[in-house]
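**Q** Build me a model from this:
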Amino acid sequence: MDRVAELLEELKTIARNPKESVEIALRDTGKKGVGCFPIYAPEELIYAAGAIPFGMWGGPIKGNLSDRYLQTFCCSVMKANTEQALLKQYDILSAVLMTTFCDTLKCVMENWKVASPQLNIIPIVYPQNRKTPSGIQFFQEELTRVKKELEEKLNCRISESDIQRSIDFYDEYREKMNQYMEVVRGYPDTIDAVTRHLIIKASYFMDKKNYIQKMDELISELRKRQIETTGREKRIILSGLMAEPEELLRIFDENGFHVIGDDLAQESRQFREEGPSEGTWQSRMAKRIAQQDGCAFLYDAEKTRGHLLIQMKERYQADAIVLIQMKFCDPEEFDYPILKKELGEANTPLLYLEIEQQMDSPEQIRTRIQSFAEMLA
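**A** Sure thing, here's the model as predicted:
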C-alpha cells in the first residue's frame, strides 16, 4: 500500500468511527472536548481555550428516545444528535456549543438543557443582518459572551493573543482545505465521491493540528502523481446541507459521476471564506461571517446562491447541479424555488434529491440518479 492509500484509509476510518476517533483524540492530546452543532460554530474560541472542537452532524443512528423531545417533522440530523445525547454518547465532552440557525435548533437547545444538563450547553445567536454595523457589533458582543462561558465551563482563561493565534491557525486550515479541493479535482479515481467526502468529514473528529499535518502530506503526495484521465465524464456540483448517508455518494460513483465541486454546508462552506487578517479578534470573526454568502442558513437579501452555483458550474466546467435536500430542513426548502428558477433560466441541468441520514433503502434515489446520468450522457 502506497502512502496516499495509507493516508486515505486512515482518514476514512476516523470519519466512519466518530465516537472512537473523538476518544482517541482526547486520550492522545490530554485536551478537553467541546461539541459543535452545525453550521458555523466559532471553533477558534474553543481551540484558543486549549480544547478540541468536535463536529456534531448527526449520523445513521435510529431510535425513539428523541421522540420525547422532538416533533416528527424534525430533520434527521437533530434527531440523531438528540438520540445520541440521550444515550449519553456525548458525555465525554466538557461542553456543547449550540448554534441557532433555524427553529428546530432553537427548540433543541432548550430541550437539551432539560434532557442532558450534564452537557453544559452554550448557545450562540447569529444576527440576521450580519453585514450591517449594528449586526457586526451584536455578533462581536455575542462572541465575547461565548468566550466567557467557555472559560467558566472549561475552567480556563482565554487571552486575546491566544484567540488571535487560533484565528491565524484556522485561516491556515481553511487555506489547506481549499488547496485540497483544487488538487482532488485531478484525481477522481483515487478520490471518488465517497472518499472526497470522508476526508473532509474526518476533520470534525480530530485535533485540527494533526489533521492539517495529514492533509499537507496527502496533498504533497497527490501532486507527485500524474493527473488521472477517467471515464467519469459527468461532472457535477453538489449543493445543500450535507451529502449523507455514504450510500448516496456511492450511487454517484457507480454511475460514473465526478463531483467536481460542492456548495455543501458540511463541506466547502466551512472553509471557502477566509476572514480579514487584521483587527480585534471579535471583528475578525464577525466580519468573516458577514462575508459569507450563498448559504440558506445566513440571511441573504440578494439571494446570491443561484448566481454562485452558476459561477461554479462555469469555472469547473460542470455538467449539472445536484441539490441535496435534507428532509424537513426549512431554510434549504425555502431556497429551492428560487434556485430552480435561476438555474432553469441559465439552462443548467438540476437534479433535486430529498434525503434523510437514516434512509431504509436508497433504491428510489438510485433510480433517479441513474435516469439523470442517462439524460446527461
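**Q** W112 and M98 touch, don't they?
**A** Yes. W112 is in contact with M98 according to Cβ atoms under 8 Å; the separation is 7.1 Å. All C-beta atoms are positioned from the backbone trio N, CA, C, and that covers glycine.
**Q** Now the common contact residues for those two.
**A** I121 (Cβ atoms under 8 Å, 6 or more residues apart in numbering).
**Q** And for I61, the neighbour number?
**A** 16 (other Cβ atoms under 10 Å).
**Q** Helix or strand: which one has it?
**A** Of the helices and strands defined by DSSP states H and E, none includes I61.
**Q** Doesn't M98 belong to a strand?
**A** Yes. Assessed with DSSP: H, G, I helix; E, B strand; the rest coil, M98 lies in a strand.
**Q** Please name the residues that touch it.
**A** F37, L105, V108, M109, W112, I121, I122, P123, I124.
**Q** Now the fifth one: closest residue in space, sequence neighbours ignored.
**A** What sits nearest to W112 in space, not counting adjacent residues and going by Cβ to Cβ, 6 or more residues apart in numbering, is I121, at 5.5 Å.
**Q** Tell me what the one you found is bridged to.
**A** V96 (DSSP bridges).
**Q** just the helices in the stretch 1-150 of the chain please.
**A** 3-16, 18-29, 43-48, 76-86, 103-115, 133-154 (DSSP state H, counting those that start in this stretch).
**Q** Out of these, which one sits most buried?
**A** Each of the helices of the stretch 1-150 of the chain was scored by mean neighbour count; the highest is helix 43-48, a mean of 26, by mean count of other Cβ atoms under 10 Å.
**Q** now what about that helix, what contacts it?
**A** Counting by Cβ under 8 Å, 6+ apart, residues outside helix 43-48 touching it are 34, 36, 52-53, 97, 143, 146-147, 150, 158-159, 162-163, 165-167, 169-170, 208, 281, 285.
**Q** cool, and stretch 167-186?
**A** With Cβ under 8 Å, 6+ apart as the criterion, stretch 167-186 contacts 43-44, 47, 191, 196, 199-200, 203, 208-209, 211-212, 215-216, 218-219, 222-223, 227-228, 260-261, 268, 270-275, 277, 281, 284-285, 316.
**Q** Give me the buried positions along that stretch.
**A** Using 16 or more other Cβ atoms under 10 Å as the test for burial, stretch 167-186 gives 167, 169-171, 173-174, 176-177, 180-181, 183-186.
**Q** which stretches of the stretch 251-377 of the chain form helices?
**A** Going by DSSP H, counting those that start in this stretch, the stretch 251-377 of the chain shows helices at 281-291, 305-315, 330-345, 363-376.
**Q** Could you provide these in TSV, with additional columns for mean neighbour count, mean pLDDT and distance to E246?
**A** TSV is the format used below for the helices of the stretch 251-377 of the chain (neighbours: other Cβ atoms under 10 Å; pLDDT from 0 to 100; distance: least, Cβ to Cβ, whole Å):
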stretch	mean neighbour count	mean pLDDT	distance to E246
helix 281-291	21	96	30
helix 305-315	17	96	24
helix 330-345	15	93	20
helix 363-376	14	94	13
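**Q** Compute the inter-axis angle for the worst-scoring helix or strand of the chain on mean pLDDT and strand 95-99.
**A** Least confident helix or strand, the chain: helix 103-115 with a mean of 84, by mean pLDDT, DSSP states H and E. Interaxial angle of helix 103-115 relative to strand 95-99 (axes from the mean of the first three to the mean of the last three Cα atoms, to 10 degrees): 150 degrees.
**Q** And helix 103-115, what does it pack against?
**A** Packing partners of helix 103-115 (3 or more Cβ pairs under 8 Å, 6 or more residues apart in numbering; DSSP states H and E): helix 76-86, strand 95-99, strand 121-124.
**Q** Fine by me, we can end here.
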